[in-house]
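> 3D model of this:
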Amino acid sequence: MRLEDRIAVVTGGGSGIGRAIAQAFAAEGAKVAVTDVKGDTAEETVAALPGEGHRAFENDVSSGPGVVATFEAIDAQFGRVDILVNNAGVDKTPGDGFDQLMKTGMLLVHMSDEGFTRMLEINVNGVFFCSREAVKLMLREKRGGAIVNLSSIAGLSAQGTVHYAASKSAVLGLTRACARELGPHGIRVNALCPGVIDTPMAAAIPEAAIKPLVGATPLRRVGQPEDIAAAAVYLVSEESSFVTGQWLSPNGGLVMC
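Residues are numbered from 1 along each chain as shown. As a prediction, this is how the structure comes out:
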């Protein structure tokens, strides 16, 4: 098994891509700490994982002190962290004017300060907070490590709303900067940029918007969470031991860079 004797943290692991990644890691022998802002969904994921020793933690990634407390609890439970997947994120926020997008085709002019800021707090600050705390533990143990940050095709091509695209572009910049800084310590940092994936988040997108995206995708389908999970396993395993500061985009060919 490719991840035997590894301790992995998966944020936003209560559903969708995060749950699929947790399942894939557990199947490869890792012990998984599943965090989610909804503690009950994290518990549900853990209950369905193969193997033993997994744990669920309620965690709001946008809260710096909260993230510190969560990683202290993870450290107390597992003694170290080898792998971190920063998957927690949102594609819309209260007050962001998203309802006006479907009516007018414009989001920027209808967006509140709070709607824009909240997106960055979750999608960008959350990656920073969790990476900082995980790296402290990785450096302490001197075993190296691997971090995978979830960006999006919106971070590559600006497809999607202005605040979402901005946040996912920022994740790519953070990924490269961290990879450069942490490489000498044996810690690799890469990003995944999924296309349209069949998750609860995507289910909220109107079918009228999904259909043309599928038609424009050379593989003519939406992705499955397992497609992203397989890529995550590769990026944290020894198979990618010479890969850092890169992004991989499982998107069916919708965006080609």
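
> residue boundaries of the strands in the stretch 101-250 of the chain?
With DSSP state E, counting those that start in this stretch as the criterion, the stretch 101-250 of the chain has strands at 145-150, 187-192, 247-248.

> Verify the stated contact: residue 163 with residue 111.
Yes. With contact defined as C-beta atoms under 8 Å, residue 163 reaches residue 111; the gap is 6.6 Å. Bear in mind the C-beta positions are built from the backbone N, C-alpha and C, glycine included.

> intersection of neighbour lists for those two?
residue 96 (C-beta atoms under 8 Å, 6 or more residues apart in numbering).

> So for these two, which sits in the more crowded spot?
When neighbours are counted by other C-beta atoms under 10 Å, residue 163 and residue 111 differ, and residue 163 comes out ahead with 25 against 21.

> residues touching the more buried one, list them.
93, 96, 107, 111, 115, 116, 119, 120.

> Alpha carbons only: can I get the worst-scoring helix or strand of the chain on mean pLDDT in PDB?
Scoring the helices and strands of the chain by mean pLDDT, DSSP states H and E places helix 98-104 at the bottom, with a mean of 70. Below are the C-alpha coordinates for helix 98-104, written out as PDB (Å, rounded to 0.1, in the frame of the first residue of the first chain):
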ATOM      1  CA  PHE A  98     -24.600  35.500  -6.800                       C
ATOM      2  CA  ASP A  99     -28.300  35.600  -7.400                       C
ATOM      3  CA  GLN A 100     -27.800  38.600  -9.600                       C
ATOM      4  CA  LEU A 101     -25.300  36.800 -11.800                       C
ATOM      5  CA  MET A 102     -28.000  34.600 -13.300                       C
ATOM      6  CA  LYS A 103     -30.200  37.700 -13.900                       C
ATOM      7  CA  THR A 104     -27.700  40.200 -15.200                       C
END
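
> residues making contact with it?
For helix 98-104, contacts defined as C-beta under 8 Å, 6+ apart pick out 92, 106, 107, 110, 161, 206.

> Spit out the contact partners of the third one.
Read that as residue 107. So residue 107 contacts 96, 97, 98, 100, 101, 161, 162, 163 (C-beta under 8 Å, 6+ apart).

> ok, back up a step: any idea which of the contacts of helix 98-104 the model trusts least?
pLDDT is lowest at residue 206 among the contacts of helix 98-104; the value there is 66.

> From the contacts of helix 98-104, list the buried ones, please.
By neighbour count, with 16 or more other C-beta atoms under 10 Å, the contacts of helix 98-104 hold 92, 107, 110, 161 as buried.

> Could you identify the most distant pair in those?
For those, with distances taken as C-beta to C-beta, the pair at the greatest spread is 92 and 110 (12.3 Å).

> The stretch 101-250 of the chain: helices as residue ranges?
Counting by DSSP state H, counting those that start in this stretch, the stretch 101-250 of the chain has helices at residues 113-120, 126-141, 153-157, 162-182, 200-203, 207-216, 225-236.

> between these, which one is nearest to residue 46?
Using C-beta to C-beta, the nearest of the helices of the stretch 101-250 of the chain to residue 46 is helix 225-236, at 15.9 Å.
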